[in-house]
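Asks: My questions are about this predicted structure, shown below with the sequence.
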Amino acid sequence: METFYQIVNVNPLVHFRHSAKQTLDTASSVTVPGRIAGGLRFCRARRRQTTLSGNADTEGYQDRVGPGLGPRPSPLYTKEVKIALGQINPTVGDFAGNAAKVIDFSRRAQTGGAGLILFPELSVCGYPPRDLVERPSFVARNRETAERIATETKGIAVICGLVTPAESDTGKSVMNSAALLMDGRLVFLQSKMLLPTYDVFDEMRNFAPAKSQELFNFCGNRMALTICEDAWNDKRFWPKPLYSVDPVDALIRAGGNFVLNISASPFWIGKRELRRNMLANIARQHKVPVVMVNQVGGNDSLIFDGSSLVLNAEGKVIAQGRTCEEDLVYFDSKTLTGDMHEQIAGDEASIYSALVLGTRDYMHKCGFQKAIIGLSGGIDSALTAVIAADAVGPENVIGVGMPGPYSSQGSIDDARALAKNLGIRFELISINQVYEAYRQTLQSVFSGRKEDVTEENIQSRARGALLMALSNKFGAIVLSTGNKSELGVGYCTLYGDMVGGLAVISDVPKTLVYRLSEYVNARRAVIPQATIEKPPSAELRPDQKDSDSLPPYEVLDAVLEDYVEDLHSAERIAADHGFNLELVRRVIRMVDRAEYKRQQAAPGIKISPKAFGYGRRFPIAAKCEA
């Protein structure tokens, strides 16, 4: 039985067909992958003919687009149209806020002379919505919000992403779709065909895939509208494509001559270059322009860097959006010239900007204005504090020094100096009395046993309890300061230094922490040089150094990268780097044993191809051979 997805209001985005075949055509037509949805040739010459004749040619329009759509939308577009990219920062579930951004950017683009504006994947509801799409009310809000956007953006065509109902045999109730809105109406709908299920993506869990896709004519071009992953299966680029179909190739073989891609493509080191190279290969191979508008902003652990692109048929970038900020980009679809906005260059600068963006958005989208950070005088807490101050302003960051029985005066001085350099509030709270109270309380139970890591962890947990007390009292989020190297091997304390609502640098290896700190100080010297130069230490026992328990960080980070990100064996890692095989095996055993800690850690900001968190799913109760 045919189903209809209806948008109902006084200004009717009335019946439009939305079945598994995703067609906007007459009821008798058959959808073929890549077929053209006719009738969207709204060019000025056509408008003159219609006006002069006094006829709206409604019958012909109905044949081309489908029954029940009402009068033909006003033909507003010249043959070659100026196109805009609305690189926005949506919040998942904030329909009113997201709609306001889409409407504002659309009106600005119209004022700037654009006839069409593209917005990112699922820009109406925010990406990734995950299991929110299982709520009927959430799906209904997508419909209602799309209707509002269409009503309030008359005069410019808008392509935006939204969740739509599905009629399919997969058991999934919704689809990840892109809608073309014109003159208060929805005139074309396309749904995502390739649903990624790897790393942080699990779209097959929530969405039904489109069985086919169509072209639409738009003022002289036959547009191939795709959604993110649909463009990531070019067999000429990827040695081992993940899918059996290539939607871009199918649409171009069917006559498409202009590729549009609306994306929510997360950031990681090297991703911008990979994205650019992949899209350039599509452009060159098919000899067509390629447009990609990407989401910007942080949503939970994911950072979206924006960096939207337009490439000509030779694969040359002719327009681009800024990195890690909202942007409005224009280009001319005839001359293929456009805005070249500056993008952040260099790994350290890109990573740092992503961490700042991720911290700011996580805090603000979760309703926090202030952050609390335990300042040990070490380099990890120093870098975290700098990121937080840049993210939400130094007036909204509280640094807390919590010296214990083995803290050095140098570390206390370094923490205080950092806070002064940043202009953040600094509090000094000793844990000595708390630590002694724990020892006295446990003395009889621990009688006859030597001091060991237990006493070290008590110090860490005393600090964690104090930070959470301050968090409760001041309504501020605690930002934990552990790095990827420590988290990888479990060199951290549950309910101690791991407490917090966000682990800012949990995907930053220790060696990269040093590089980022040097980058920060090159801009403005805020991290004390002593913090950078002194050997890292938890200062939980006399003369303690990280090197007492761990290999040198240069070695540890190389092993972690190969094992965690590339899944290499101990034998291969040892051979590739010339490391001692038993040392490599010891590190791998530490990684595997620490899984239970990582699954209790605060969410962290992803900046690598493989971060700890929901993109790396390993069992806890498992026997692993190093």
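Replies: Everything's here; your move.
Asks: use CA for all of it now, contacts and neighbours both
Replies: Fine.
Asks: Now that residue 234 has come up, it's in contact with residue 246, right?
Replies: Yes. Using CA atoms under 8 Å, residue 234 is in contact with residue 246, at 6.4 Å.
Asks: The two: who's more crowded?
Replies: Shown here are residue 234 and residue 246; by other CA atoms under 10 Å, residue 234 has more neighbours (23 against 19).
Asks: What helix or strand is that one located in?
Replies: For residue 234, there is no helix or strand it lies in under DSSP states H and E.
Asks: quick one on the thing from earlier: and for residue 234 and residue 246, which residues touch both?
Replies: Common contacts of residue 234 and residue 246 (CA atoms under 8 Å, 6 or more residues apart in numbering): none found.
Asks: and after the helix or strand harbouring residue 217, which helix or strand comes next?
Replies: With elements taken from DSSP H and E, the one containing residue 217 is strand 214-218. Downstream of strand 214-218, the first helix or strand assigned by DSSP H and E is strand 221-227.
Asks: Convert the C-alpha atoms of that following strand to PDB, please.
Replies: Provided in PDB are the C-alpha atoms of strand 221-227 (Å, rounded to 0.1, in the frame of the first residue of the first chain):
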ATOM      1  CA  ASN A 221      22.000  21.600 -14.700                       C
ATOM      2  CA  ARG A 222      21.000  18.100 -13.900                       C
ATOM      3  CA  MET A 223      21.800  17.900 -10.200                       C
ATOM      4  CA  ALA A 224      23.000  14.700  -8.500                       C
ATOM      5  CA  LEU A 225      22.000  15.300  -4.900                       C
ATOM      6  CA  THR A 226      23.800  13.000  -2.400                       C
ATOM      7  CA  ILE A 227      24.200  12.800   1.300                       C
END
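Asks: could you pull out the helices for the stretch 451-600 of the chain?
Replies: 453-474, 484-489, 510-523, 529-533, 553-560, 570-577, 581-593, 595-598 (DSSP state H, counting those that start in this stretch).
Asks: okay if I get those as CSV plus mean neighbour count, mean pLDDT and distance to residue 262?
Replies: As requested, the helices of the stretch 451-600 of the chain are arranged in CSV below (neighbours: other CA atoms under 10 Å; pLDDT from 0 to 100; distance: least, CA to CA, whole Å):
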stretch, mean neighbour count, mean pLDDT, distance to residue 262
helix 453-474, 18, 96, 39
helix 484-489, 24, 96, 32
helix 510-523, 17, 98, 32
helix 529-533, 16, 96, 42
helix 553-560, 19, 97, 34
helix 570-577, 16, 97, 39
helix 581-593, 18, 96, 38
helix 595-598, 19, 95, 33
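Asks: Save those helices as JSON lines, and put in distance to residue 501 too.
Replies: What follows is these, written out as JSON lines (distance: least, CA to CA, whole Å):
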{"stretch": "helix 453-474", "distance to residue 501": "10"}
{"stretch": "helix 484-489", "distance to residue 501": "16"}
{"stretch": "helix 510-523", "distance to residue 501": "20"}
{"stretch": "helix 529-533", "distance to residue 501": "25"}
{"stretch": "helix 553-560", "distance to residue 501": "25"}
{"stretch": "helix 570-577", "distance to residue 501": "34"}
{"stretch": "helix 581-593", "distance to residue 501": "23"}
{"stretch": "helix 595-598", "distance to residue 501": "14"}
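Asks: out of these, nearest to residue 204?
Replies: Minimum separation from residue 204 across the helices of the stretch 451-600 of the chain (CA to CA) falls at helix 595-598, 25.5 Å.
Asks: Domains in the protein, by residue range?
Replies: Annotated domains of the chain cover 4-345, 349-542 [automatic domain parsing].
Asks: quick one: residue 104 is in a strand?
Replies: No. Judged by DSSP: H, G, I helix; E, B strand; the rest coil, residue 104 forms no part of a strand; its state is helix.
Asks: Identify each buried residue in stretch 208-219, please.
Replies: 208-219 (16 or more other CA atoms under 10 Å).
Asks: Heading C-terminal from the helix or strand of the chain with the lowest mean pLDDT, find the next helix or strand.
Replies: When each helix and strand of the chain is scored by mean pLDDT, DSSP states H and E, helix 58-65 comes last, with a mean of 28. Next in sequence after helix 58-65, counting helices and strands by DSSP H and E, comes strand 82-87.
Asks: circling back: in TSV, list the domains of the chain along with distance to residue 625.
Replies: Formatted as TSV, those follow (distance: least, CA to CA, whole Å):
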stretch	distance to residue 625
domain 4-345	23
domain 349-542	16
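Asks: Which of the ones you listed has the lowest mean pLDDT?
Replies: Averaged per stretch, pLDDT over the domains of the chain is lowest on domain 4-345, reaching a mean of 81.
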